[in-house]
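A.B. asks: fold the following for me, if possible:
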Amino acid sequence: MDVRASGARAAEARAPGAEPPGVDSTGAEPPGGEQGEAHHEGHHTAPGGAPHSRAPHPDDLPDGLVVADETGLVTCFNAAAARITATDPADAIGRRLEVALPLEDLDGRRWWTLTDPYGGLAIRAGQPERNLLLPGGREVLVSARYVRERPTGPVRRVVVCLRGTEARRRTERSHAELIATVAHELRSPLTSVKGFTATLLAKWERFTDDQKRLMLETVDADANRVTRLIAELLDISRIDSGRLEVRRQPVDLAAAVRRHVQALTAAGHTAERFLIRVRGPLPRLWADPDKIDQVLGNLLENAVRHGEGTVTIDIAPASARPDTPATPATSATPVAEGSAESPTESPTVERTAVIVSDEGPGIPEESMSRVFTRFWRGSKRGGTGLGLYIVKGIVEAHGGTITVDRARGGGAEFRFTLPVGTPAYLA
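C.D. replies: Now for the predicted structure:
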């Protein structure tokens, strides 16, 4: 079967108004003969001989496609292959495969000579994807399939797929950055733990009880830091692999926010710095309480660490974003969910929204698109740069969304919404 040249649609219209050989003005191929049997690779013909209007063109493929016939001559060289190899399809069509697509392995050996697609074992079906080199040393991902009319028969076509290595390189760089970040973050607490424990073991009797307590508290804090980092790494692994489990239960968002604010005030922050505004009544929310705590804790910690002034937390049905004044309450004075100014009967809503904003310098406009990526840090005040990436993954695992914007007071404003309603398995 002959496969006609592909690679640039312009090549099919070399002469204005002229039809490709063997094709009449209707697009149908004449029956019989070599021309009648020939058709464009990737173009299928519907029963009755009419061309299928939905058949893809090789140039529509995102990956490079190179096809050679049973004699080893290139019959298809699509646009993506031309882009990846920087070769004009007109120069590749009709040439030997090893000449049109010269490839070497990473040791500099000629790949076509090594693989010998038209010779060798007749049970081979192709070559798995691997890194190979184009002329000039540029890497490309190559896989090949050997098409036979019958098992162990001669090769009738060699179909080669080409892909650029940019996506793989980005993944490798991301993994390298993750390893470097983890190594850096682990070194400091582990060094502290090792130093204090070695000192206590060697000179226990020389320290007072207060000194021993201080050292042990430092060891405990550093151990918690290591535990938190390991938990973040596990969360990233689950998010990236799509294995993040969400165990839904009824969750009181307002109570969860108050609990986190009380923990921050107990840690030394003033209660006056936090303002909680609940606009209710809130619809019943089913979510994973532990993961929602993780989201709230991360957003509040970021607001306290990187922001300034009052940290405001608004909670409302998503259909009524709390832009209008609501009855405020501090963490010391809980707010009844129905006490805010609202209609007597709440409209039916599908989501609950939480907004955490501060009055600090905010996030530069040019950085907002990178806030939820790995390793992004808004300042040099510590952190691994993984927290907001995990927050986004958790919210999306619940079917929600999260955005960042500038707050009215000039600081950062994080808004996430979560779908409400009873899970299907309990309905």
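A.B. asks: tell me how far G137 lies from V160.
C.D. replies: 20 Å (CB to CB, to the nearest Å). Heads up, the C-betas are built off the backbone N, CA and C, glycines and all.
A.B. asks: between the two, who's got more neighbours?
C.D. replies: Remark: of G137 and V160, V160 carries more neighbours, 23 against 8, as counted by other CB atoms under 10 Å.
A.B. asks: got the contact list for the more buried one?
C.D. replies: Residues near V160 by CB atoms under 8 Å, 6 or more residues apart in numbering: G64, L65, V66, V67, A68, L97, L101, V142, S143, A144.
A.B. asks: who wins on neighbours among the residues you listed?
C.D. replies: Busiest of those [other CB under 10 Å] is V66, holding 30 neighbours.
A.B. asks: what secondary structure does that one sit in?
C.D. replies: Secondary structure of V66, reduced to three states by DSSP: H, G, I helix; E, B strand; the rest coil: strand.
A.B. asks: that one touches A82, doesn't it?
C.D. replies: No: taking CB atoms under 8 Å as the definition, V66 is not a contact partner of A82, at 9.8 Å.
A.B. asks: shared neighbours, the two?
C.D. replies: In contact with both V66 and A82: A92, using CB under 8 Å, 6+ apart.
A.B. asks: what helix or strand does V261 sit in?
C.D. replies: helix 253-266 (DSSP states H and E).
A.B. asks: buried set for that helix?
C.D. replies: L253, A254, A256, V257, R258, H260, V261, L264, T265 (16 or more other CB atoms under 10 Å).
A.B. asks: quick one: strands adjacent to the next helix or strand after it?
C.D. replies: Per DSSP H and E, the first helix or strand lying C-terminal to helix 253-266 is strand 274-278. According to DSSP bridges, strand 274-278 forms sheet pairs with strand 311-317 (parallel), strand 328-329 (antiparallel).
A.B. asks: domains of the chain?
C.D. replies: Structurally, the chain divides into domains by automatic domain parsing as follows: 9-164, 168-241, 249-419.
A.B. asks: pick the most deeply packed of those domains.
C.D. replies: By mean neighbour count, with neighbours taken as mean count of other CB atoms under 10 Å, domain 249-419 ranks first of the domains of the chain at a mean of 18.
A.B. asks: what's the end-to-end length of that domain?
C.D. replies: 13 Å (CA to CA, to the nearest Å).
A.B. asks: stretch 158-169 too?
C.D. replies: Span of stretch 158-169 from end to end, CA to CA: 28 Å.
A.B. asks: tell me how far it is from the chain's mean position?
C.D. replies: 20 Å (CA atoms, centre = their mean, to the nearest Å).
A.B. asks: the spatially most central residue of the chain: which element?
C.D. replies: Among the residues of the chain, the one closest to the centroid is D240, at 6.9 Å (CA atoms, centre = their mean). Here D240, judged by DSSP H and E, is contained in helix 209-241.
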